[in-house]
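all I have is the shape, not the residue letters:
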């Protein structure tokens, strides 16, 4: 399609917040993730680690710990409240004051009947899980000093509690502390500092594993209260522990950003007595690993450096496949940027505010960018911006801008607001009456809601698209043909004609032939679909690492054709070229993409957020001795 | 050419002792290491070489203790044999002929009667593939047995001995090659293979370098090229295996070794630091730094008390309990290039060449031992890649060994060449060289050659350099000032701005020949007058050499265009010339002989000839592969009487040369080998190892005396056997180093007594009992001089309780008789001393 003018936008200062807690539900294969800003994200591990749901945060809420009870999700935080979430409507269902000061941790027993929380005032409080609610049951013996971490013995009779300088084992029926395990302090200067037992794990053979702020992972005998083994793994803190389901492996996350695996291994082969041996070290983080989960086939970790890492355990896979690759999830699987195609406006969504930018012109002619056959303008030039400060403490869920640039809408958990924009010379905003029914039948704005059940509801309930097994990650309605293009988390692509209420011929052809393996092996979902206003055959979509223009007039690639063929095409002569063309034109020139859109004047807007820029805004990591420094 | 079967090219002296891992014996008293074609037995306490187990005809490639007999070792060699030795006596017990070149050997206690060797897959030397085979050693009484019962264990293994290891109780063997670790279980007869990724990230090098198995638990430690150590566990599973990683080394891990109980893991690499990891508590590690050079092998004694590390500079360090270096066995240091050439120190007759960086080493070829290192550069050596440091590039001795001249240079990128000329005087008191003069920047460019004038009148040094000049340096005597003599430049010469390449003094020092490219100029050093020029174009002069003794009128030169020319200096004409690609010309200082090494089609040939005679004395084709760049005639300490004509040139001195692979080789004749064999046999008789010289002198002697005493009392005829024993005492006295001897007054009496016995026993055979008493008396008399107080205790003083018991009280008459004899003997001795 020749050359394009490119607006390369790098001024969207999107900053994800640190991951604080994590809980994995082995039953539903969902991972719940809590961030520092109080938002909760649900990832579906059966569906390509897709970020299925996001519950936006709130200024006053902080989450220290997450806990699944069956399909219900509970959180507790330093504000002293326990909250349960409504996973259908993506908002907190209720929250309950525990009256024990800040809450450090919340756990449930294996039966799912009780919750235990560890409080700042030294109490472990038990709550009964009822049908629709939870109810305070009783306190265990109150201790001096805060309860930092808790772990319930699988049988439900004992609870191990990590405290300052010690671990307590409680007998749950009586509520008395039965063991007191003293944890050594660090050596040298840290001798005077109390050791914080950041994490404990109670195994079914009454072994207690603890990770503490002196950098030790210790293995204790829970019956006798004796120390079995000490592994000094770091000079800093061990922040998180996670036990595999079969209890043959424990992983520990440290402040150095490493995840260390311990395995229960017999020192001599074919013998029964086993011991905990430190084995592998994974280093995928630069900062504290605050949250950790060892699942069947992978180790999931997250921390201060804001990205979620899924490190597959290679020995659990028979062959190298799509699932056995390391995965890092940096950006939300949603659209944070909307673009007014006609007006050349960009709307950036932050948790607490919206930013509106206008694309400017550049007189400078950038160097001819030959690789993608697109012409790149120098640096992009934005003229004006407007800030919408969100009032109230709820964070913004989603936002949209009409393509004419005249309308702006955003929603929080509780409300939807629509504004009228006048952008001739000065931007002015007029608030339109908030209408919860959202009678937004104006042709220029579609607020689309992605439901979590694989079906797509088009507003006004025009029709229901047939259900597909994977979540849709992006969709768009063609402005002229009214075809709905959907991309799913498993990278499948559908086109549905709303008019004829059936899949289009092109979509059927594509499904028949199947998508190219290279396309299917990509590990980030497509987050945005848009169309070329000039050429109705062209669909533009992008994920984090590439953007793709699908030309429906060209033949589809089969498995044998070279998928990334831009370089080959360039080397071919004009006559040979058409025979090698196929429908997927992929450009990887731009990285860490948040939005790609084609304006009406055939210029391309590319919003990038370099990961390096995110890393540079993080606080400094703990000091580590580097060789030769 | 005549086939000279009697002259062999052999490794003798200066061979590698760090080639393979040394072996410490069960009692930790001896250290065995492969050294060229022999196995050397060192005492671990005194560093002395006790035995040289000779018998292999090719490089020894491995040693292993015999698990069923702790006094025996196996050795294997590239000659295709495994030999069993008794190392305490140095006796070859058995030879097992395998028939394939062997690269390493392993034994396991659980596999009795079996040794495991690494042999090539195909029976030719060029084969790149190796396999580990089990050899069943046949039980037979013969000295030489053919062991043909081989069974392959693992295919495609690395020939390096560190790349395989036997696990707990010999249940499995682990072998690593490239990126693959293979574990073979003997019971199940099943191999497991583990692969590492080639390492795409940032040039990380994952390849295995070495393997060691834990002796008590099932854990395999592997070292890697990127400096990591991995501890593998659960390796009897295809997928559920696991490993942990330790990382301290920044370079490749050269060697790994578990201690016998498995409590510690030792590792070493380029950092020359011995690292001791606590097993299961790998955060705690101990270091033994500054071991001098990169560690190549680590061996641990069976009781775990003694470690020894081999180093890349041909050194073995013995370490006691990981804290103290207790002994260092230093071989000939072979750095990357011998830039100084080989030299012979005229005083110590030691071979002198580059040693450690910035040092000259003095290596005694006769004793096969490094004498000392001379620090030339006197700067700290920093072991880092890409750092330019001063290097000793030239060195020369004067005729008497009084002066040593050295040149060091440092070339840094982007800056000028730094050259220092240093002159060292021999100091009689310290018995070493002392820096006398340092000349910074003696020339503007590299110094290409340097030689001292051999004339006895003047002490003159000539240096020639690429800057087109040669300079003569004279020792200027400033006896009036306090500084003493120092060196200064006397003359600067040149010839048409040509670059000189080589120089040579005639045997009497009256002529100096300097080769300026195609032209040889002959100068008179007394007047610095250009006497004549000789030239034989085409081709620049590469090497110059004057004839010696009767041939001193000849000047030999080699040119780059493959010409060997001989000029007659008297007539200033070309005597003869022959087309030869001579890479090296070396004159024997003790005879007229000149050795010329020629390179031809990848091989080196040797010709030994006299300049005046047309026929070569000796020639050998295809001496070795590659060019011979360095050779030296080392004078023999004993002249050889060889009657064969072609071996006569080896009578006075021995020709050593360095091959391309830095192996020091020499020529050995049949008579010489016979003599060596005889001497080694003789040595075997009176070898008593690991006893102090004091014990040799006193303890053993006393024992003998005790025995004699008793024997003499019981059997009067027994004193005859004391004859050779007396001579032993003399021998011990003469052969023990002076600094370990007891005081002279003490020794004197003993010495005298030993003489007495021999003489008196010859004369006075009639009084055997009294004679014996006499010697006893004599001994005590010498002692009595020192302590008068004890003298009056008894007539015959006794040394020990044993003697007191064995010595009955003497009668007065006997005592008198003894006194008389003693006086007589003293006078006899004095007369002996006078004459």
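Great, that's in hand. Note that the structure is predicted; figures quoted are calculated from it, not measured. Numbering: from 1, shown residues only, chains lettered A, B, ... in the order given.

rest of the way, CA atoms for contacts and neighbours
Fine.

could you find the closest non-adjacent residue to residue B:266?
residue B:276 (4.6 Å; CA to CA, 6 or more residues apart in numbering or on different chains).

ok, that neighbour to residue A:356 distance?
For residue B:276, the distance to residue A:356 equals 62 Å [CA to CA, to the nearest Å].

check residue A:236 too.
43 Å.

element containing the residue in chain B that chain A sits nearest to?
The nearest approach of chain B to chain A comes at residue B:244, 3.8 Å away (CA to the nearest CA). Following DSSP states H and E, one finds residue B:244 within strand B:242-247.

and for residue B:631?
Secondary structure from DSSP H and E places residue B:631 in strand B:630-635.

quick one: contacts of stretch A:470-477?
Residues outside stretch A:470-477 that contact it (CA atoms under 8 Å, 6 or more residues apart in numbering or on different chains): A:47, A:50, A:52, A:333-334, A:450, A:452-454, A:483-490, A:525-530.

buried only: go through these for me.
Among the contacts of stretch A:470-477, those buried by neighbour count (16 or more other CA atoms under 10 Å in any protein chain shown) are A:47, A:50, A:52, A:333-334, A:450, A:454, A:483-490, A:525-530.

got the residues of the stretch 251-400 of chain B near chain A?
By CA under 8 Å from any CA of the partner chain, the residues of the stretch 251-400 of chain B that approach chain A are B:280-281, B:283.

just send those back as a markdown table, with neighbour count, secondary structure and pLDDT too.
Conversion of those to a markdown table gives the following (neighbours: other CA atoms under 10 Å in any protein chain shown; DSSP: H, G, I helix; E, B strand; the rest coil; pLDDT from 0 to 100):
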| residue | neighbour count | secondary structure | pLDDT |
| --- | --- | --- | --- |
| B:280 | 16 | coil | 82 |
| B:281 | 17 | strand | 82 |
| B:283 | 14 | strand | 80 |
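
name the residue of chain A with the shortest distance to chain B.
residue A:279 (3.8 Å).

neighbours of that residue, how many?
By other CA atoms under 10 Å in any protein chain shown, the residues close to residue A:279 number 22.

tell me the strands beside the strand holding residue B:244, with direction?
Strand pairing for strand B:242-247, using DSSP bridges, gives strand B:228-233 (antiparallel).

distance between the strand it pairs with and the chain's centre?
In terms of CA atoms, centre = their mean, to the nearest Å, the centre of strand B:228-233 is found 37 Å from the chain centre.

and residue B:426, how close does it get to residue A:301?
Counting by CA to CA, the gap from residue B:426 to residue A:301 is 71 Å.

nearest residue to residue A:394 other than its sequence neighbours?
What sits nearest to residue A:394 in space, not counting adjacent residues and going by CA to CA, 6+ apart, is residue A:58, at 4.7 Å.

so the one you found touches residue A:395, yeah?
Yes. If you go by CA atoms under 8 Å, residue A:58 and residue A:395 touch, sitting 5.7 Å apart.

these two: which is more packed in?
Under the neighbour definition other CA under 10 Å, residue A:58 and residue A:395 were set side by side, and residue A:395 has more, 24 against 18.

what's the pLDDT at that one?
pLDDT for residue A:395: 83.

ok, it - contacts?
A:56-59, A:351-352, A:412-413.

now the helices for chain A?
All helices of chain A, identified by DSSP state H, fall at A:505-513, A:517-520, A:566-571, A:577-580, A:611-617.

format those helices as a markdown table; extra columns: mean neighbour count and distance to chain B.
As requested, the helices of chain A are exported to a markdown table (neighbours: other CA atoms under 10 Å in any protein chain shown; distance: least, CA to the nearest CA, whole Å):
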| stretch | mean neighbour count | distance to chain B |
| --- | --- | --- |
| helix A:505-513 | 14 | 35 |
| helix A:517-520 | 12 | 21 |
| helix A:566-571 | 13 | 24 |
| helix A:577-580 | 12 | 32 |
| helix A:611-617 | 12 | 19 |
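
which one of these lies nearest to residue A:145?
helix A:611-617 (34.7 Å; CA to CA).

quick one: contacts of the closest one?
A:15, A:305, A:592.

with stretch B:90-104 instead?
Contacts to stretch B:90-104, defined as CA under 8 Å, 6+ apart, come from residues B:51-53, B:55, B:61-62, B:76-86, B:117-120, B:123, B:125, B:137, B:142-148, B:159-161, B:684.

return the per-residue confidence for residue B:470.
In this model, residue B:470 is scored at 90, pLDDT.

give me the number of residues near residue A:292?
Residue A:292 has 27 nearby residues by other CA under 10 Å.

quick one: it and residue A:253 touch, right?
Yes. Here residue A:292 reaches residue A:253: they are 6.8 Å apart, a contact under CA under 8 Å.

need the residues touching each of these two.
A:240-241, A:301.

so which of the residues you listed are in strands?
A:240-241, A:301 (DSSP state E).

so which of those reach chain B?
Counting by CA under 8 Å from any CA, no member of those reaches chain B.

now neighbour count and distance to residue A:176 too, for the residues you listed, in CSV please.
Below are those laid out as CSV (neighbours: other CA atoms under 10 Å in any protein chain shown; distance: CA to CA, whole Å):
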residue, neighbour count, distance to residue A:176
A:240, 28, 26
A:241, 27, 25
A:301, 29, 34
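
would you format those as JSON lines with pLDDT and distance to residue B:46 included?
Formatted as JSON lines, those follow (pLDDT from 0 to 100; distance: CA to CA, whole Å):
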{"residue": "A:240", "pLDDT": "92", "distance to residue B:46": "56"}
{"residue": "A:241", "pLDDT": "92", "distance to residue B:46": "55"}
{"residue": "A:301", "pLDDT": "92", "distance to residue B:46": "59"}
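
name the residues of chain A found near chain B, please.
Contact residues, chain A versus chain B (CA under 8 Å from any CA): A:231-233, A:265-269, A:277-281, A:315-316.

before we move on, the earlier item: who's in contact with the residue of chain B closest to chain A?
Residue B:244 touches A:278-281, B:230-232, counting by CA under 8 Å, 6+ apart.

residue B:26 too?
Contacts of residue B:26 (CA under 8 Å, 6+ apart): B:70, B:301-303.

confidence score at residue B:253?
Predicted confidence (pLDDT) for residue B:253: 91.

oh, I was asking about residue A:470
82.

low-confidence ranges, the stretch 551-700 of chain B, go.
B:642-643, B:676-700 (pLDDT under 70).

strands along the stretch 201-350 of chain B, start to end?
B:208-213, B:220-224, B:228-233, B:242-247, B:253-258, B:264-269, B:274-278, B:281-288, B:295-300, B:306-311, B:315-320, B:324-330, B:343-344 (DSSP state E, counting those that start in this stretch).

wouldn't residue B:624 be in contact with residue B:601 here?
No. Residue B:624 is beyond contact range of residue B:601, at 11.2 Å (criterion: CA under 8 Å).

higher neighbour count, the two?
More neighbours surround residue B:624 than the other of residue B:624 and residue B:601, with 18 against 10 (other CA under 10 Å).

Provide the partner residues of the more buried one in its beta bridges.
residue B:604.

got the domain ranges for chain A?
A:1-14+A:461-628, A:235-329, A:336-361+A:381-459 (the TED database).

identify each of the strands in the stretch 51-200 of chain B and give its residue range.
Going by DSSP E, counting those that start in this stretch, the stretch 51-200 of chain B shows strands at B:60-65, B:72-77, B:81-86, B:91-97, B:104-106, B:114-120, B:130-136, B:144-146, B:150-157, B:164-166, B:172-177, B:180-185, B:190-195.

present the contacts of residue B:26 as a markdown table; the columns should include pLDDT.
Converted to a markdown table, those look like this (pLDDT from 0 to 100):
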| residue | pLDDT |
| --- | --- |
| B:70 | 87 |
| B:301 | 91 |
| B:302 | 90 |
| B:303 | 89 |
